[in-house]
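>>> Structural data only, the sequence is not supplied:
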């Protein structure tokens, strides 16, 4: 019995020992898990705050990506600058770097479209260089000059004239000999015979003539008078630019001459009337030679009485009273928007220095302002260049091609370096409106004020104008129009003859002389 009791106590003791060992192991295991979990949440090292560390890493990433974006942007702009803008900056008249080119490049030639030399560089025995202009005053404003600053094509293509695409071995050989390479040649769109016709037809009058192809944008002729001799401009510079000198001779009146447009502005008034009145073909007006509104009187030119007119006849006869009456019916806000689309008070596609034409008529204008403005008087001012752009769009189904005067660049031996291609600039009006305007412009030549251009070997259309600019009714003579002949490119011609009189008497003959030569079979 005693033995059995001892065995029971022994077994109980073992169980107690095993239980104690089990509890001890369990406590140690729990402690180990807790320690490991804490170590995972709190790693060794300085980063003792996980929230702050995450924010700091995110800030580093943002700054890194920001600098990367800036770097990539700079690379992209640098590439764009090299491809698109670098030449324009180098060619700027303010860039002194161009002077360095002249130290090792002899300035290239400027040629007409047919290859006549319009500007060249001559080298004397002592190595002195001088610029020569074989046609003197005839191309004064368009070709320009290369001393005392630069103007005209001499300025526009200055960079091209001062770089050389001669054969590279030839260039290296000349540089080794300390000789100048010959600059590239600028071949223009100017046609010598057309330029000569415009220059001679303008005669002793002051004014401007521009001729351009509406389908391509090529400028064929550009004449401005008074003019100067580019061969002697350096020696005459001080006298020309003196306070009492005649610095106006330097002004290119084609792009910088602002004039009241006279009756050529009736093109714009007509277009707006047709846009606002769908039944414009039913227009009828009885012209009695004058129109009185609020005590103000408008007269037809020469006090002419045109009688009963439809819209086409009023336009062809350039009836002032009819168009003043039309102006009073227009929505002036819409009229302003139409003229803005037709390039008033806006930038023009032009490589030469130019002035913006201005149209100031707005809602609230007086009846007198409206009547005056709608016949091309008042405060409205235009340049011949602007009118040429508008007439080009009318001729070309409402599409204006970007004008250009540099046809191509070659090296001095004639190898082609680059060629200009026609580019669309903008749609100024719809093809339907352009077609209608062409019919009205043709009527001016067949039955109106431009009949001197009728029955020619070409078909002409346009609008004459007489723009009064003094209280004594002195007027500038205008013509803006175009002509066509089968198998040849159409030609737009705009003429202003300062202080001459009527457009039909003075501007139309100049335009005719240009058309005659351009469309001559010889």
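Thanks, I have it. Note that the structure is a prediction, hence the values are computed from the model and not measured.

>>> For the stretch 201-350 of the chain, just list every one of the strands.
207-212, 219-225, 285-287, 290-293, 296-299, 307-309 (DSSP state E, counting those that start in this stretch).

>>> Out of these, which gets nearest to residue 259?
strand 207-212 (8.9 Å; Cβ to Cβ). C-betas here are computed from N, CA, C, even on glycine.

>>> hmm, who's touching the closest one?
The contact list for strand 207-212 (Cβ atoms under 8 Å, 6 or more residues apart in numbering) reads 194, 198-199, 201-202, 218-225, 252-254, 257, 384-385, 388, 392, 403, 476-477, 491-498, 500, 510, 514, 518.

>>> which residues does the residue nearest the centre of the chain contact?
Centroid-nearest residue in the chain: residue 349, 1.5 Å away (criterion: Cα atoms, centre = their mean). Residues near residue 349 by Cβ under 8 Å, 6+ apart: 389, 400, 402, 403, 425.

>>> Would you mind pointing out the helix or strand the closest residue to the second one other than its chain neighbours falls in?
Going back to what we said before, that points to residue 400. What sits nearest to residue 400 in space, not counting adjacent residues and going by Cβ to Cβ, 6 or more residues apart in numbering, is residue 393, at 4.3 Å. Following DSSP states H and E, the helix or strand that holds residue 393 is helix 384-395.

>>> any idea which helix or strand comes after that helix?
Later in the chain than helix 384-395, the nearest helix or strand by DSSP H and E is strand 399-401.

>>> And for that next one, what's in contact with it?
By Cβ under 8 Å, 6+ apart, the list of residues contacting strand 399-401 reads 214-217, 349, 389, 392-393, 422-428.

>>> which one of the residues you listed has the most neighbours?
With neighbours taken as other Cβ atoms under 10 Å, the top of those is residue 389, carrying 29 neighbours.

>>> thinking it is in contact with residue 403, fair?
Yes. Counting by Cβ atoms under 8 Å, residue 389 touches residue 403, with 7.2 Å between them.

>>> Could you give the secondary structure assignment for residue 460?
Here residue 460 is recorded as strand under DSSP: H, G, I helix; E, B strand; the rest coil.

>>> I figured residue 194 hits residue 517, correct?
Yes. With contact defined as Cβ under 8 Å, residue 194 counts as touching residue 517 (5.6 Å).

>>> more neighbours, these two?
Taking other Cβ under 10 Å, residue 194 and residue 517 do not tie; residue 194 has more neighbours (24 against 20).

>>> Any figure for the gap between the more buried one and residue 213?
Separation of residue 194 from residue 213 (Cβ to Cβ, to the nearest Å) stands at 11 Å.

>>> and if you look at residue 433?
22 Å.

>>> More neighbours: which of those two?
Each of residue 433 and residue 213 has its neighbours counted (other Cβ under 10 Å); residue 213 has more, 23 against 17.

>>> For the more buried one, list the residues it contacts.
Applying Cβ under 8 Å, 6+ apart, the residues near residue 213 are 220, 489, 490, 491, 492.

>>> In PyMOL, select just the buried ones from these.
A single PyMOL command selects the buried members of the contacts of residue 213 (16 or more other Cβ atoms under 10 Å):
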select buried, resi 220+490+491+492
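
>>> Looking at the contacts of residue 213, which is nearest residue 301?
Closest to residue 301, out of all of these and judged by Cβ to Cβ, is residue 492, at 24.6 Å.

>>> That closest one should be in a strand, yeah?
Yes. Applying three-state DSSP, one finds residue 492 inside a strand.

>>> who does it bridge with?
residue 212, residue 482 (DSSP bridges).

>>> same check, this time on residue 221
Where residue 221 sits in a bridge, its partners, by DSSP bridges, are residue 211.

>>> What is the neighbour count of residue 500?
Per other Cβ under 10 Å, the neighbour tally for residue 500 reads 20.

>>> Wait, it touches residue 508, no?
No. At 11.2 Å, residue 500 does not count as touching residue 508 under the criterion of Cβ under 8 Å.

>>> ok, back up a step: report the buried residues of the helix holding residue 393.
Across helix 384-395, burial judged by 16+ other Cβ under 10 Å covers 384, 385, 386, 387, 388, 389, 390, 391, 392, 393, 394, 395.

>>> Distance check, the third one against residue 355.
Okay, so that is residue 386. Separation of residue 386 from residue 355 (Cβ to Cβ): 9 Å.

>>> ok, now residue 388?
14 Å.

>>> that older thread, in a markdown table: the contacts of residue 213, plus distance to residue 73.
Output for those, formatted as a markdown table (distance: Cβ to Cβ, whole Å):
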| residue | distance to residue 73 |
| --- | --- |
| 220 | 44 |
| 489 | 45 |
| 490 | 47 |
| 491 | 47 |
| 492 | 44 |
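
>>> Going by distance to residue 471, which of the contacts of residue 213 wins?
residue 492 (33.3 Å).

>>> In a strand, residue 480, correct?
Yes. Checked against three-state DSSP, residue 480 lies within a strand.

>>> Excluding covalently adjacent residues, which one is nearest to residue 448?
Per Cβ to Cβ, 6+ apart, closest to residue 448 is residue 316, 3.1 Å.

>>> got a list of what the one you found touches?
440, 443, 444, 446, 447, 448, 449 are the contacts of residue 316 under Cβ under 8 Å, 6+ apart.

>>> Surely the last one and residue 314 touch.
No. Applying Cβ under 8 Å as the test, residue 449 and residue 314 come out as separate, 11.9 Å apart.

>>> Point out where the stretch 1-150 of the chain drops to low pLDDT.
1-10, 12-13, 16-18, 20-53, 81-100 (pLDDT under 70).
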